[in-house]
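Colleague: Here is the input, now give the coordinates:
(2 chains)
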2 protein chains.
Amino acid sequence: MPNVSVSADGGYLTLSEPSRSARFHAIWLRDNAWDAQTRAPGNGQRLITLSDIPRGTRIAAAAIAGSSLRVTFAPEGKSVDYDRDWLFAQSYDHPQDRQAGWTAEGVETWDASLMQSVPCGDFTEVSANPAALQRWLAGVARYGFAKLVNGPVEDGALMKVVELFGYVRETNYGRHFEVRTTVNPTNLAYTGLGLQAHTDNPYRDPVPTVQVLYCLESSAAGGENMVVDGFRAAERLHGEDPEGFGILTRYCARFEYAGEAGVRLRSRRPMIELAPDGEMIAVRFNNRSAAAITDVPFDQMEHYYAAYRRLGEIIDDPAMEVTFRLNPGECFVVDNTRVLHARKGYSGTGTRWLQGCYADKDGLLSRLAALETMEAAE
Amino acid sequence: MPNVSVSADGGYLTLSEPSRSARFHAIWLRDNAWDAQTRAPGNGQRLITLSDIPRGTRIAAAAIAGSSLRVTFAPEGKSVDYDRDWLFAQSYDHPQDRQAGWTAEGVETWDASLMQSVPCGDFTEVSANPAALQRWLAGVARYGFAKLVNGPVEDGALMKVVELFGYVRETNYGRHFEVRTTVNPTNLAYTGLGLQAHTDNPYRDPVPTVQVLYCLESSAAGGENMVVDGFRAAERLHGEDPEGFGILTRYCARFEYAGEAGVRLRSRRPMIELAPDGEMIAVRFNNRSAAAITDVPFDQMEHYYAAYRRLGEIIDDPAMEVTFRLNPGECFVVDNTRVLHARKGYSGTGTRWLQGCYADKDGLLSRLAALETMEAAE
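Modeller: Model prediction:
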C-alpha cells in the first residue's frame, strides 16, 4: 500500500511504496507542479518564476489518489496532482557521492577490442527508417563515434549526413573543409608520418562537439582512420595514478590557433573536464595547438607534465585504438568532446579526398531522445 | 644585469632581471621551444608530441644572449633561444590561489549605473573602419553586450551584423527566428507581462554563446529591451552569502525543451559555472526551461532553493538592469554565457518585429584579438 506522511513543519513529505521510498521538499514539489497555471500545457514551459512562489511555502496536506499523489500547499491553498512514477523517476533522496571521473548513464567506454563490432549504419537505411536512424545515433551516443556506409559519392554528401541529426557548425574553415592528399614517393615520408590521435579545435570554446569525415576518393594504400576513446584513456590514467588524473582535471591547459590572417582563437580549459560533481564531460588533447601551460603552479608543473606525458602514452597505446578504412561513400561521425581521431600513414601511392565538417552533439542527442520517445509511445 | 642560474639537477632554471624574476622547468621550456623543428614556422603549430621529448630532459646549460635566453637541453644536446619578454609573459612562478568567482582580465561587471554609457557602435562605421569594429567588439568582450545603430532596415539585416565577427549557429529554430508582436487592447494584458531576464537556450550544451536581436519595426510604446549582468548578479550573491554562491556552482541544474515535434533538448549544468580554478565562466538562468533539479542531495535542497531564489531576486532588482529601446535598424549583441536579457511589457498598441539569431563568442573574440594584434603591429 502506498503511503505518504508530511514532516511536522510541512517542509517535506515522505512517499513510501512497498518497493521504493523517497522524500520531497515542499519548495521542490511546488516548483515542479505540472498544473496549467504553472506549466504551459502545450510546450511544457514554466509560466511562473520562483519569486511567484511564496517564501515559506509548506505542505498543508498530502494524500494518495490512485496513481497520483495530491499535495496541498500553504499559504497558497493550492492543490496539485503528481504522477508517482514521475516523482520516483526524479528522486533526489539518495547518496550522490560518486568518484571523480564517472561517466553518464548510457556511455560505454572501449578499447581496441571494439574493433570486432564497430558501430555502423547504412546511409540508405538510416535515411528511410527512423528505427535504423535511432540505432545508429544510439551508437554515437554510447561509443562516441559510428561509421556510416553506402552513402552517395558526390561533392557535399556529408551535408546529407548532418541533416540526419542536426545542423552544421560553420567556422573560419567554412561550412565544410577539404582534406585532399596525393601520395607519391616524393612525399611519402611526410604523409607516411600520420598524425597523433587528437580532438579537433580545442582552441575553440565551445569546441565543435561533433565532427563528420566523409570519404570521396581513396586509391592510396594505408591512410586508415583511427579512433581512441578519450574517456577510456582518462579512466586508465585514473586507475594507474589517481593524482595524475586529478591534476589534469584541476588545472587549465591553453590552446591557440593563429595560423591564418584575421584569426586568433584561444581557449583555457582543462585537458580532462569534469562537471562540478565529478562527471567526465570532455577531453581536449591536441599537441599541435597546445599553447604554453601557465595556470599550473610552479611546484605542480613537473607533476602536471608527467601526467600529461602518461595520458599521451595511453592514447598512443595500440591496445586503445580502433582502426577502419573509409572507402568512397563512407564516413564516420565522432563526438569531439570525447573520442580522439587520427589518420594512419600511407604505404602506397594514389590520392585520397575527404570532406569534413562540424556539427552539434546536443542536436544529435535531441533527435535521438525524440526518436526514443516516439518508439516508447508506439 | 639579467642573470640565469640552473638548479643542481638541471630540472629548472631561474631567470632574474632587476625588476622581475621567474623559474621555468626544463620540460616546460623544451615543450615550448619555438625552433623550426618544434614549431611550424608558418602557422606555429607544434610538430612534435610530448613523447618525442626524452623522459628526464634537463637543462645542461643556460646563458643570456642579448634579449634572448639560450638553453641547451640534455640528453638531446639541443640549443634553443627564447625571447625573455615572451618568457616573462608566460611566467607561472607566482601564487595562483584566487577566490572562487574571479573573472577574466578585461571583464568588467556592471549594474544599472552603466545606463549612462551603454556600449554602442555605428553600423556604417564598424563595417568600414577596423578601429571602430575593434572598439565595438571590445565593448562586447568587456561588458558582455553592445548596441549597434544605423543599420539597414531590411529582412535579414542581422546576418550582416554576424558577418562582422563570425558565423551563425544554426539550430532547430533556423538560421534566424522571427519575434513579431501585435499589441492591441485585447492581448495587452498578456504582452504587458514582459519576461523575466534570462539566458537563452540553457537546454543546449554548449549553449549558443552569442545572440543578436535586430529591430525592423517598432510602433508600440513600451517593450524596451533590458539586460542584466549575470556575472555581477553572481558576485552580489557571493558577497551576501558565499555559501549560497558555492552551492549554485557545486551542483548541476537541469534544463529541458521539448516544445516541438522531434525536439527534446536536455542539459545538466550548474547555474553558475566555474572553471576548475574558480574563474566564473558561465551563468545559466531561465525559469521557463528549468527542469526538475535532481542532482542536489536531499539535505542540501532547501539551501539550494534559497540561493536560487536569492539569485533571482538580485536579477529582478531594478538596480541591476540596463534598459534601452531598439528602433528599426538597431540591434544588440549579447554574450549569452554571461548577460541575461528580457523584454519589458508594452504600454500602447502597435506592432513590433525583431529578428534574432545565434552565433559564437570564440569567433568574436578571435576577430577582436586579430584586430588588436594588427593595431599593435602598426
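Colleague: Below-threshold pLDDT in chain A: ranges please.
Modeller: Chain A contains residues with pLDDT under 70 at A:184-194, A:378.
Colleague: Swap in 50 and give it another go.
Modeller: A:187-190, A:192 (pLDDT under 50).
Colleague: now the helices for it?
Modeller: A:26-31, A:84-89, A:123-128, A:130-143, A:157-163, A:188-191, A:230-240, A:242-250, A:301-316, A:361-377 (DSSP state H).
Colleague: Residue B:279: which of these is closest?
Modeller: Closest to residue B:279 of these is helix A:242-250 (Cβ to Cβ; 12.8 Å). Any C-beta I mention is one placed from the backbone N, CA and C, and that applies to glycine too.
Colleague: The closest one and chain B in contact?
Modeller: Yes: against chain B, helix A:242-250 shows contacts by Cβ under 8 Å from any Cβ of the partner chain at A:249, A:250.
Colleague: Surely residue A:67 and residue A:85 touch.
Modeller: Yes: applying Cβ atoms under 8 Å, one finds residue A:67 in contact with residue A:85, separated by 7.2 Å.
Colleague: tell me the contacts of the residue of the stretch 251-378 of chain A found nearest chain B?
Modeller: When scored by Cβ to the nearest Cβ, the stretch 251-378 of chain A has residue A:259 as its residue closest to chain B, at 3.1 Å. The contact partners of residue A:259, by Cβ atoms under 8 Å, 6 or more residues apart in numbering or on different chains, come to B:42, B:43, B:44, B:45.
Colleague: change it to 6 Å
Modeller: Each residue near residue A:259 by Cβ atoms under 6 Å, 6 or more residues apart in numbering or on different chains is listed here: residue B:43.
Colleague: how close does it sit to residue A:201?
Modeller: 12 Å (Cβ to Cβ, to the nearest Å).
Colleague: Do I have it right that residue A:340 meets residue A:197?
Modeller: Yes: counting by Cβ atoms under 6 Å, residue A:197 is a contact partner of residue A:340 at 3.9 Å.
Colleague: Per the annotation, how does chain A divide into domains?
Modeller: A:3-89, A:112-377 (automatic domain parsing).
Colleague: and those domains as JSON lines, adding distance to residue B:377?
Modeller: Shown next, in JSON lines, are those (distance: least, Cβ to Cβ, whole Å):
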{"stretch": "domain A:3-89", "distance to residue B:377": "50"}
{"stretch": "domain A:112-377", "distance to residue B:377": "12"}
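Colleague: Pick the most deeply packed of those domains.
Modeller: Of all the domains of chain A, domain A:112-377 has the most neighbours on average by mean count of other Cβ atoms under 10 Å in any protein chain shown, namely a mean of 19.
Colleague: Get me the contact residues on the stretch 101-250 of chain A for chain B.
Modeller: By the rule Cβ under 6 Å from any Cβ of the partner chain, the part of the stretch 101-250 of chain A lying against chain B is A:167, A:170, A:196, A:204, A:205, A:206, A:250.
Colleague: residue contacts, the fifth one?
Modeller: Spelled out, that is residue A:205. Contacts of residue A:205 by Cβ under 6 Å, 6+ apart are A:267, B:362.
Colleague: before we move on, what about the first one?
Modeller: With contact taken as Cβ under 6 Å, 6+ apart, residue A:167 is in contact with A:363, B:170.
Colleague: can you rerun that using 7 Å?
Modeller: Residues counted as contacts of residue A:167 (Cβ atoms under 7 Å, 6 or more residues apart in numbering or on different chains) are A:359, A:360, A:363, B:170, B:171.
Colleague: again with the last one
Modeller: Applying Cβ under 7 Å, 6+ apart, one finds that residue A:250 lies in contact with residue B:276.
Colleague: ok, 10 Å please
Modeller: Residue A:250 makes contact with A:100, A:243, A:270, A:272, A:274, A:295, A:296, A:300, A:304, B:276, B:277, according to Cβ atoms under 10 Å, 6 or more residues apart in numbering or on different chains.
Colleague: before we move on, the earlier item: determine the residues that are contacts of both of residue A:340 and residue A:197.
Modeller: A:226, A:227, A:228, A:230, A:233, A:285, A:286, A:315, A:320, A:321.
Colleague: Any idea what the closest residue to the fourth one other than its chain neighbours is bridged to?
Modeller: Once its chain neighbours are removed from consideration, residue A:230 has its nearest residue in residue A:283; the separation is 3.3 Å (Cβ to Cβ, 6 or more residues apart in numbering or on different chains). Residue A:283 forms beta bridges with residue A:272, as assigned by DSSP bridges.
Colleague: still on that earlier bit, from the contacts of residue A:250, which two are the most distant?
Modeller: A:100 and A:295 (19.1 Å).
Colleague: sorry, back to before: distance to residue B:29 for the helices of chain A - can I get that in TSV?
Modeller: Shown next, in TSV, are these (distance: least, Cβ to Cβ, whole Å):
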stretch	distance to residue B:29
helix A:26-31	54
helix A:84-89	54
helix A:123-128	50
helix A:130-143	39
helix A:157-163	42
helix A:188-191	28
helix A:230-240	24
helix A:242-250	20
helix A:301-316	11
helix A:361-377	37
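Colleague: and residue A:99, how many residues sit next to it?
Modeller: The tally of other residues near residue A:99 (other Cβ atoms under 10 Å in any protein chain shown) stands at 8.
Colleague: What's opposite residue A:331 in the beta bridge?
Modeller: residue A:148, residue A:214.
Colleague: Just list the residues touching the residue in the stretch 1-150 of chain A that chain B sits nearest to, thanks.
Modeller: Closest approach between the stretch 1-150 of chain A and chain B, counting by Cβ to the nearest Cβ: residue A:43, at 3.1 Å. Residues near residue A:43 by Cβ under 10 Å, 6+ apart: B:257, B:258, B:259, B:260, B:288, B:289.
Colleague: same thing with residue A:11?
Modeller: Taking Cβ under 10 Å, 6+ apart as the test, what residue A:11 contacts is A:23, A:25, A:26, A:27, A:56, A:57, A:58, A:59, B:302.
Colleague: got the residues you listed as CSV, with distance to residue A:35 columns?
Modeller: Listed next are those as CSV, based on distance: Cβ to Cβ, whole Å:
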residue, distance to residue A:35
A:23, 22
A:25, 18
A:26, 16
A:27, 16
A:56, 20
A:57, 15
A:58, 18
A:59, 16
B:302, 23
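Colleague: ok, so what distance separates the residue nearest to residue A:45 when sequence neighbours are not counted from residue A:338?
Modeller: Leaving aside its chain neighbours, residue A:45 sits nearest to residue B:288 (4.2 Å; criterion: Cβ to Cβ, 6+ apart). The gap separating residue B:288 from residue A:338 is 30 Å, by Cβ to Cβ.
Colleague: any chance you could read off phi and psi for the residue nearest to residue A:100 when sequence neighbours are not counted?
Modeller: Nearest non-adjacent residue to residue A:100, counting by Cβ to Cβ, 6+ apart: residue A:278, 3.9 Å away. Residue A:278 adopts backbone torsions of phi 90, psi 0, taken as degrees, to the nearest 10.
Colleague: Residue A:278 contacts residue A:272, doesn't it?
Modeller: No: the pair residue A:278 / residue A:272 is not scored as a contact, 11.1 Å apart, by Cβ atoms under 10 Å.
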